[in-house]
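Asks: sequence and predicted structure, then a few things I'm wondering about:
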Amino acid sequence: MRAYRVSKKCNDSLDEKVELIKNYDVGDLLYVLRDIEGYPQNYDEIIIKGVIGRLYDMGIKCM
């Protein structure tokens, strides 16, 4: 459900999706990142950058 809420499939606005990412914890962000790796076409670029940036802010580097 967490990954769906920030994907292109969900009808929420992009601003709402960005706000959701800001409130996700590490586990949720890693779950979304795993889904992004499998289905990158389902996510806007700003969401992908937001997830990676948020993880980086938490001290987790994505390679």
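Replies: Yep, that arrived.

Asks: what's the helix or strand for residue 10?
Replies: Under the criterion of DSSP states H and E, residue 10 resides outside all helices and strands.

Asks: go ahead and confirm it touches residue 2.
Replies: No. Contact criterion Cβ atoms under 8 Å: residue 10 and residue 2 do not qualify, at 10.8 Å. In this view, the C-beta of every residue, glycine as well, is placed from N, C-alpha and C.

Asks: check which helix or strand the residue most central in space within the chain maps to.
Replies: Nearest to the mean C-alpha position of the chain, counting by Cα atoms, centre = their mean, stands residue 51 at 4.1 Å. Using DSSP H and E, residue 51 sits in helix 45-57.

Asks: and that helix, what does it pack onto?
Replies: When contacts are defined as 3 or more Cβ pairs under 8 Å, 6 or more residues apart in numbering; DSSP states H and E, helix 45-57 sits against helix 14-23, helix 26-38.

Asks: that one vs helix 14-23, what angle?
Replies: For helix 45-57 against helix 14-23, the angle by axes from the mean of the first three to the mean of the last three Cα atoms, to 10 degrees is 20 degrees.

Asks: who's in contact with the residue lying closest to residue 7 once chain neighbours are set aside?
Replies: Leaving aside its chain neighbours, residue 7 sits nearest to residue 42 (4.6 Å; criterion: Cβ to Cβ, 6 or more residues apart in numbering). With contact taken as Cβ atoms under 8 Å, 6 or more residues apart in numbering, residue 42 is in contact with 7, 8, 9, 35, 36.

Asks: buried subset of those?
Replies: The neighbour-count test (16 or more other Cβ atoms under 10 Å) marks 7, 35, 36 as buried among the contacts of residue 42.
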